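> Build me a model from this:
(one chain, ligands or ions: 2)
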Amino acid sequence: MTHLAIRGLTKRFSGQTEAAVADLNLEIESGSLVALLGPSGCGKTTTMKMVAGLLEPTAGDILFDEKSIINIAPERRGAVMVFQNYLLFPYMTIAQNVGYGLKIRKVDRAIIDQRVSEILEMVRLPGIESRRPSELSGGQQQRVALARALVVEPRLLLLDEPLSNLDAHLRFELRDLIRDIQQKMGITTVFVTHDQEEAVVLADKVALILDGRLRQYADADVFYKRPADEATARFFGGQNFISGTSANGTFEAALGSLKLPSDAPEGTGILTFRPENVRIGAAADGENTLQAKLTDKIFLGTQTRLKLAVGDDIITAIANPNDVEGYLVDQEVPLSLPPATLWVLTK
Ligand SMILES: Nc1ncnc2c1ncn2[C@@H]1O[C@H](COP(=O)(O)OP(=O)(O)OP(=O)(O)O)[C@@H](O)[C@H]1O
Ligand SMILES: [Mg+2]
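Ligands and ions are numbered 1, 2, ... in the order given. Prediction:
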């Protein structure tokens, strides 16, 4: 197991004014799975390649168990990367593909055969040793790519959007398989994704990168309850942002005065709360209850999205369809915002 530290890591490609990765700092606990989350172009692959040794950083350091590996050749770092497009060797059998890393390490043939069978068993593809990659489905090829990475027992597993070429069903299945194997082997893993749900389901901790900068690094639930800033809240599906002032446990805004959780930051800022935490109907004690008018109602299948006007502010709510069946557009509807579900962004 390996602790990964990324310190001040920066990559500036020649001819570009903005750094692709700017002063990134991350500590990844030994044996944990961290999701590197962010939109296309935010620098995820660039970061992974620098850790794997496929790309030289412009500045900063990368440490495995507190030892800098910057000057160590990629093949000697013990970090393996699995890519979105599998990259299997087409003319080799599955056994040769999976055993490749062991062969170049001059491991005994009999041991290679045994390890290959074991690892194919682990990714739930037993008995396919003699097939070629072209004879496998995309999901199977990705499992072979995973097996090929795992067979060398790497110190660090770097998965770069390994599920994004697969259909939803396969993605869920493989996601669970990766989590399962990662926990069994206790291998420190960085999982790159632009899918917030995938990050939340898989990871012990999530690192959100926007515009080449780390915005927040925390347990998944913190992104919902205590987002670092508006862009972070929006990336995680936040839709309600109301300007005002936080003081003495109360938020004062045009729509009224609302009680805040005791740890809410103070000062001029933006009140945020998640659509699924807006309660339709008045609170029993009347706390944080506002009079609103329903302006829009969209049935989404398992949930219903409501737009509610409170003065000039529009609040978005997500409700259980059964709970809001009776409400009609243009109707007056009270709503309540439980204090514990509110947060204030002051930067
Ligand atoms: N070899 C390169 N030369 C110049 N610019 C590059 C190079 N590789 C990447 N970039 C730029 O660096 C930025 C980050 O790219 P990167 O591939 O790391 O993004 P990403 O987060 O992995 O995106 P995606 O989700 O689309 O894979 C982009 O603006 C990209 O155009
Ligand atoms: Mg990428």
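
> list the contacts for residue 259?
249, 250, 287, 288, 339 (C-beta atoms under 8 Å, 6 or more residues apart in numbering). The way it works is simple: take the backbone N, C-alpha and C, and place the C-beta from them, glycine included.

> do that again at 6 Å, thanks
Neighbouring residues of residue 259 by C-beta atoms under 6 Å, 6 or more residues apart in numbering: 288, 339.

> Give me the phi and psi angles of it.
Per-residue torsions, residue 259: phi -70, psi 140 (degrees, to the nearest 10).

> Kindly report the same for residue 175.
phi -60, psi -50.

> And it, how close does it get to residue 292?
38 Å (C-beta to C-beta, to the nearest Å).

> who has more neighbours, these two?
residue 292 (24 against 20; other C-beta atoms under 10 Å).

> thinking the more buried one is in contact with residue 336, fair?
No: using C-beta atoms under 6 Å, residue 292 is not in contact with residue 336, being 10.2 Å away.

> so what's in contact with these two at the same time?
Joint contacts of residue 292 and residue 336 (C-beta under 6 Å, 6+ apart) do not exist.

> Not counting sequence-adjacent ones, nearest residue to the spatially most central residue of the chain?
What sits nearest the mean C-alpha location of the chain, by C-alpha atoms, centre = their mean, is residue 199, with 2.8 Å. Excluding the flanking residues, the one nearest residue 199 by C-beta to C-beta, 6 or more residues apart in numbering is residue 35, at 3.6 Å.

> so that neighbour sits right up against residue 206, yeah?
Yes: Residue 35 is within contact range of residue 206, at 4.8 Å (criterion: C-beta under 6 Å).

> The lengthiest strand in the chain: which residues count as buried?
In the chain, ranked by residue count with DSSP state E as the criterion, the top strand is strand 289-299. Within strand 289-299, the residues that count as buried by 16 or more other C-beta atoms under 10 Å are 289, 290, 292, 294, 297.

> what bridges to the last one?
I take that to be residue 297. residue 306 (DSSP bridges).

> Now do it against residue 323, distance only.
Residue 297 is 12 Å from residue 323, by C-beta to C-beta.

> go on, the fourth one?
Note on residue 294: its distance to residue 323, by C-beta to C-beta, is 13 Å.

> Next: the first one.
According to C-beta to C-beta, residue 289 and residue 323 sit 16 Å apart.

> Just the residues contacting stretch 44-53, thanks.
Everything outside stretch 44-53 that qualifies as a contact, by C-beta under 6 Å, 6+ apart, is 11, 20-21, 36, 38, 55, 57, 62, 74, 77, 79, 81, 158, 160, 192.

> near ligand 1, from these?
Contacts with ligand 1 within the contacts of stretch 44-53, counted by C-beta under 6 Å from any ligand atom: 20, 38.

> nearest residue to whatever residue of the stretch 51-200 of the chain ends up closest to ligand 1 other than its sequence neighbours?
Per C-beta to the nearest ligand atom, residue 194 is where the stretch 51-200 of the chain lies closest to ligand 1, at 5.1 Å. In space, and not counting its chain neighbours, residue 194 is closest to residue 39: 5.7 Å by C-beta to C-beta, 6+ apart.
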